[in-house]
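Participant: the following comprises the amino acid sequence and a computationally predicted model.
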Amino acid sequence: MAENHGSTGVGPNGDAQIDVGPRGDAPMGDGDLGESQAEDRPRDDGSSCESQAAHIQTNDTASRAMVRRLEEVAAQLQQEVARLGGMQHAASATQQLALLRDELHGMGELIANTRAEIAGLMPLGAPSSRLTSASDELDAVVGATERAAVEIMGAAEHAQEAAQRLRKINGLPVEALRDLDQVEAAAVDIFMACSFQDLTGQRIRKVVQALTYIEKRIIALTVLWRGAGRGAGWGDAAGAAADGAAADGATADGATADGATADGAAAWDTRRDAHLLNGPSDGGLPQAAVDSLLHDAVEAGAASQDAIDAMFA
Amino acid sequence: MKILVVDDYPTMRRILRNLLGQIGITDVEEAGDGVDALAKLHSGRFDLIISDWNMEPVTGLDLLKRVRADAGTRTLPFIMVTAESKVENVVEAKKAGVSNYIVKPFTADTLKSKIATVMG
């Protein structure tokens, strides 16, 4: 049973935040005992946070914001504790199934919300009415950044061409030639900076693949419970979406039949070297390390373990 | 010198073409994927391939292996320019016969240096 209901992270404004998890403050399922049992337990954890918050409250705006954040975190933690308490005592299979169903329901809502946030990234004027999936929406983001990169590169090319025309003028002073050098060098720098579009595109496509994969599996699992009399809200949408998912192979059976392995990458990418295709990575080798590795490999005929180990030293 | 630039991102092909122009290489052909690249390799003569790795349906690694398996292109210099920068990526490309390996994002100097290295 999934037990990860919350996460810490950084909010849009850079402030730390703790998400309650997929279910947030949604009511517990039919088989849940969490709310009442949580109320019976002491609330030291939440009240201590609140008392600490009260203690440090000052007239300073930043401090007030911090206090508000602490209060939110305390409230979220209380909810989290209540829900976890409910899970511990949900001993029967029926109760556990109900909790699992709620978790799936919550994850579906989370994905739906994420898709809505992604849609919010859409540039003005984009044909949003045609966007029916997270993939379409993120593809549109990639397309928008590509158009921007093309415009920037076009402007840089104009600068390069103008600099080259100016060079042909006889008798230009040394200072002017030096400035033209700088213009052309800056144009090259602009071109190189535009490679961001390729890298962000690869990262976004990776996210789309993962999101689509998870979404299909959750929808397929939700189908299993469609007849259980639950599923208001997202569940209704999921039911409708499940029809579409079934149409492209993500049926309830398909969730396990088409390779939903622990190594999910292989399931959504059938290329032979899919296991090597991770896209841009903050933990990858710098160019100097690649050079070192290649140099060693050339000399030895094959990359030695020592050379590989050195990369991690 | 005639170079085949293979990348599924038009932006990156344009960047490479521009940078190659800056170092005096203007005879450049572009391919949007491995299949297109193989077709161009069969129809023309090239001195160097500069290829991305992460493409569909034929990846840069597949392209490299096919280039090395073909008697007509077996010795053709091949530079991989990719964001795939894990050790296993470099090792795999080396095993497949890559001539050199550039990690994105890269600089114009790096590109110039690697071309000079592989072209001798």
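Facilitator: Okay, I see it.

Participant: ok, now which ones touch the closest residue to B:Thr107 other than its chain neighbours?
Facilitator: Nearest non-adjacent residue to B:Thr107, counting by C-beta to C-beta, 6 or more residues apart in numbering or on different chains: A:Met192, 6.3 Å away. (Glycine included, C-beta is placed from N, CA and C.) Going by C-beta atoms under 8 Å, 6 or more residues apart in numbering or on different chains, A:Met192 touches B:Ile15, B:Leu19, B:Pro105, B:Phe106, B:Thr107, B:Ala108.

Participant: ok, now which ones touch the residue of chain B found nearest chain A?
Facilitator: Going by C-beta to the nearest C-beta, chain A is nearest to B:Ser85 of chain B, at 2.8 Å. B:Ser85 makes contact with A:Pro280, A:Ser281, A:Gly284, A:Leu285, A:Pro286, A:Val290, B:Val103, according to C-beta under 8 Å, 6+ apart.

Participant: of these, closest to A:Ala163?
Facilitator: The closest of the contacts of B:Ser85 to A:Ala163 turns out to be B:Val103 (C-beta to C-beta; 29.4 Å).

Participant: state the distance from A:Pro173 to chain B.
Facilitator: Separation of A:Pro173 from chain B (C-beta to the nearest C-beta, to the nearest Å): 24 Å.

Participant: just the pLDDT for that residue.
Facilitator: Here, the pLDDT recorded for A:Pro173 equals 93.

Participant: then A:Gln182?
Facilitator: We have a pLDDT of 94 for A:Gln182.

Participant: neighbours around it, how many?
Facilitator: A count of nearby residues for A:Gln182, using other C-beta atoms under 10 Å in any protein chain shown, gives 11.

Participant: shouldn't it be within a helix?
Facilitator: Yes. The assignment for A:Gln182 by DSSP: H, G, I helix; E, B strand; the rest coil puts it in a helix.

Participant: partner residues bridging the residue nearest the centre of chain B?
Facilitator: Geometric centre of chain B, nearest residue: B:Ile50, 1.8 Å, by C-alpha atoms, centre = their mean. Beta-bridge pairing for B:Ile50 (DSSP bridges): B:Val5, B:Ile79.

Participant: which ones are touching it?
Facilitator: Counting by C-beta under 8 Å, 6+ apart, B:Ile50 touches B:Ile3, B:Leu4, B:Val5, B:Val6, B:Leu16, B:Ile79, B:Val81.

Participant: and B:Gly97, by the same measure?
Facilitator: When contacts are counted by C-beta under 8 Å, 6+ apart, B:Gly97 touches B:Leu64, B:Lys65, B:Arg68, B:Phe78.

Participant: need the pLDDT of the last one.
Facilitator: Going back to what we said before, that points to B:Phe78. Confidence at B:Phe78, expressed as pLDDT, is 97.

Participant: what's the burial count for it?
Facilitator: Other residues lying near B:Phe78 total 25 when counted by other C-beta under 10 Å.

Participant: enumerate every residue touching it.
Facilitator: Contact partners of B:Phe78, counting by C-beta under 8 Å, 6+ apart, are B:Leu48, B:Ile49, B:Ser51, B:Leu64, B:Val67, B:Arg68, B:Gly97, B:Val98, B:Ser99.

Participant: ok, the third one next?
Facilitator: Contacts were defined as C-beta under 8 Å, 6+ apart; by that measure B:Arg68 touches B:Arg74, B:Phe78, B:Ala96, B:Gly97.

Participant: now with 7 Å?
Facilitator: Contact partners of B:Arg68, counting by C-beta atoms under 7 Å, 6 or more residues apart in numbering or on different chains, are B:Arg74, B:Ala96, B:Gly97.

Participant: now do the SS call for the residue nearest to the first one when sequence neighbours are not counted.
Facilitator: Nearest residue to B:Arg74, sequence neighbours excluded (C-beta to C-beta, 6+ apart): B:Arg68, at 5.7 Å. Using three-state DSSP, the three-state assignment for B:Arg68 comes out as helix.

Participant: check the one 5 residues further on too.
Facilitator: Taken by three-state DSSP, the conformation at B:Thr73 corresponds to coil.

Participant: below-threshold pLDDT in chain B: ranges please.
Facilitator: In the prediction, chain B carries no residues with pLDDT under 70.

Participant: oh sorry, the question was meant for chain A
Facilitator: Low-confidence segments of chain A (pLDDT under 70): A:1-91, A:111, A:113-135, A:224-270, A:282, A:296-313.

Participant: give me the domain ranges for it.
Facilitator: A:1-91, A:129-198, A:285-313 (automatic domain parsing).

Participant: okay, and residue 105 sits in which element?
Facilitator: I went with chain A, as the question did not name one. Secondary structure from DSSP states H and E places A:His105 in helix A:93-119.

Participant: I was thinking of chain B, sorry if that wasn't clear
Facilitator: B:Pro105 belongs to no helix or strand, assigned by DSSP H and E.

Participant: next, it: phi, psi?
Facilitator: phi -80, psi 150 (degrees, to the nearest 10).

Participant: what number of residues lie near residue 98?
Facilitator: Using chain A here. The number of residues packed near A:Ala98 is 20, by other C-beta under 10 Å.

Participant: could you do chain B instead?
Facilitator: With other C-beta under 10 Å as criterion, B:Val98 counts 25.

Participant: distance of it from A:Glu109?
Facilitator: 46 Å (C-beta to C-beta, to the nearest Å).

Participant: what's the single longest helix in chain A?
Facilitator: In chain A, with assignment by DSSP state H, the single longest helix is helix A:134-167.

Participant: for it, buried residues please.
Facilitator: For helix A:134-167, the neighbour count (16 or more other C-beta atoms under 10 Å in any protein chain shown) marks A:134-135, A:137-142, A:144-146, A:149, A:152-153, A:156-157, A:160, A:163 as buried.
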